[in-house]
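Sharing a model prediction with you, sequence too.
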Amino acid sequence: MQRKVYAPGVAAALLAALLAGCTAGSGGGDGADDSKPGDTGSAAAPAEPGKYRTLPEPCGEVEPGTLDAMLPGLTEMGEGEQREKAYEGTPTVTYDTDRRVGCRWKVESSGASHHLLVDFERVVSYDGTVSDDDRAAEVYSTKLREAGLPVPASSDSQSPDADDEDKDGKDGKDGKDGKDASKEEKEEGKEEEGDKAQGGKKDRTEPGDDDATSTTEPATPPAGLEPRSLEDLGDEAFLDDALTTAASATRHRTVTVVFRTSNVIVTIEYDEQPGRRTDVPDSKEMQDKALELADGLAGKFDE
């Protein structure tokens, strides 16, 4: 009787098992090779975003009582649509209200004309290694230097080159924003350029023309009221006080308060131009009103 042989079948089964094991091992090796060279499995954490993602509506942020104090011509208007419109202010032109908004008021009174500008700028860094707050601090430092004030030694602000100003307005989607600000600055400077053409100048020194003897207030702010960095206002702040003089025009004073809170920079410009050439606006009165408004706006950001 012929005996059946099973050994070849067993050997084939063992060979198939060995081949399957080798194939599985090879597949695991291919998966490990998919990782990028030098990849340790962890990436550096991105810089912190700014605290503020939106901006308030500036024309509604100034209380009516504050407007009455800063723009006395409002109370001289009769009741009616004209007065209501004057209180509302005029929004500044901007192409990106998520990044920059502003509002202007200009009112004539019996003794002078007053102009108020409130501007909110939300700074965004498009560099993943630089936080929004740090970029805002750089922009603030540039504004501080442009005002002729030194950066405080204790300040955390960076000191970029002058060409870096408003870089956030040139990166990514901010190109239009930067052009916007430039256009607004040109419009605001038209009146001052006219003064310069007539021999006038924006200065903080005593006027040299003959009418200086009849001014009611010295052109140079008294001690303690000179342009300076401020404490207890936002993360950092400064005040500028400049008198524009011209030989054949009335003098007008502009008080500017700028403060930064996280990644938002707030600018207040308060201007007074008397009706008579012999009058010079009072520094202390204007500074007090501008600072009171700045304190109120800073408090709203902290809410």
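Sure thing, it's come through. Every value quoted in this text rests on a predicted model; they were computed, and no experiment measured them.

okay, CA-based contacts and neighbour counts for the rest of this
Fine.

so residue 272 touches residue 108, yeah?
No: look at residue 272 against residue 108 with C-alpha atoms under 8 Å: they stay out of range, at 9.9 Å.

Give me the three-state assignment for residue 277.
coil (DSSP: H, G, I helix; E, B strand; the rest coil).

burial count for residue 85?
When neighbours are defined as other C-alpha atoms under 10 Å, residue 85 has 11 of them.

Name the next helix or strand following whichever helix or strand residue 67 is part of along the chain.
In the assignment (DSSP states H and E), residue 67 maps to helix 64-70. The C-terminal neighbour of helix 64-70 among helices and strands, as given by DSSP H and E, is helix 73-76.

So which bits of that next one are buried?
73-74 (16 or more other C-alpha atoms under 10 Å).

sorry, back to before: residue 272 and residue 108: who's more crowded?
Using other C-alpha under 10 Å as the criterion, residue 272 and residue 108 rank with residue 272 on top: 24 against 19.

Check for me that that one belongs to a helix.
No: assessed with three-state DSSP, residue 272 is strand; it does not lie in a helix.

which residue sits closest to it, ignoring its sequence neighbours?
Closest residue in space to residue 272, ignoring its immediate chain neighbours: residue 114 at 4.6 Å, by C-alpha to C-alpha, 6 or more residues apart in numbering.

Is the one you found in a helix, a strand, or coil?
strand.

looking at it, it is touching residue 107, isn't it?
Yes: with contact defined as C-alpha under 8 Å, residue 114 reaches residue 107; the gap is 5.5 Å.

what touches both of residue 272 and residue 108?
residue 114 (C-alpha atoms under 8 Å, 6 or more residues apart in numbering).

where in the stretch 151-300 of the chain is pLDDT low?
153-219, 246-248 (pLDDT under 70).

Mind doing that once more with 80?
For the stretch 151-300 of the chain, the stretches with pLDDT under 80 are 152-222, 245-250.

where exactly do the strands run in it?
201-203, 228-230, 236-246, 249-261, 264-274 (DSSP state E, counting those that start in this stretch).

elements contacting the fourth one?
The criterion is 3 or more C-alpha pairs under 8 Å, 6 or more residues apart in numbering; DSSP states H and E, and the helices and strands that strand 249-261 contacts are helix 132-146, strand 236-246, strand 264-274, helix 283-302.

Present these as JSON lines; the columns should include distance to residue 53.
Compiled in JSON lines, the helices and strands packed on strand 249-261 are given as follows (distance: least, C-alpha to C-alpha, whole Å):
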{"stretch": "helix 132-146", "distance to residue 53": "11"}
{"stretch": "strand 236-246", "distance to residue 53": "20"}
{"stretch": "strand 264-274", "distance to residue 53": "9"}
{"stretch": "helix 283-302", "distance to residue 53": "12"}
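
closest to residue 95 out of the ones you listed?
strand 264-274 (17.4 Å; C-alpha to C-alpha).

Which residue lies closest in space to residue 57, excluding its sequence neighbours?
residue 101 is the one closest to residue 57 (C-alpha to C-alpha, 6+ apart), at 7.4 Å.

That neighbour should be in a strand, yeah?
Yes: using three-state DSSP, the secondary structure at residue 101 is a strand.

before we move on, the earlier item: tell me which residues touch the residue nearest to residue 272, please.
For residue 114, the contacting residues are 70-71, 106-108, 270-273, by C-alpha under 8 Å, 6+ apart.

out of the residues you listed, which is most surrounded?
Neighbour-wise, the contacts of residue 114 (other C-alpha under 10 Å) top out at residue 71, 26 neighbours.
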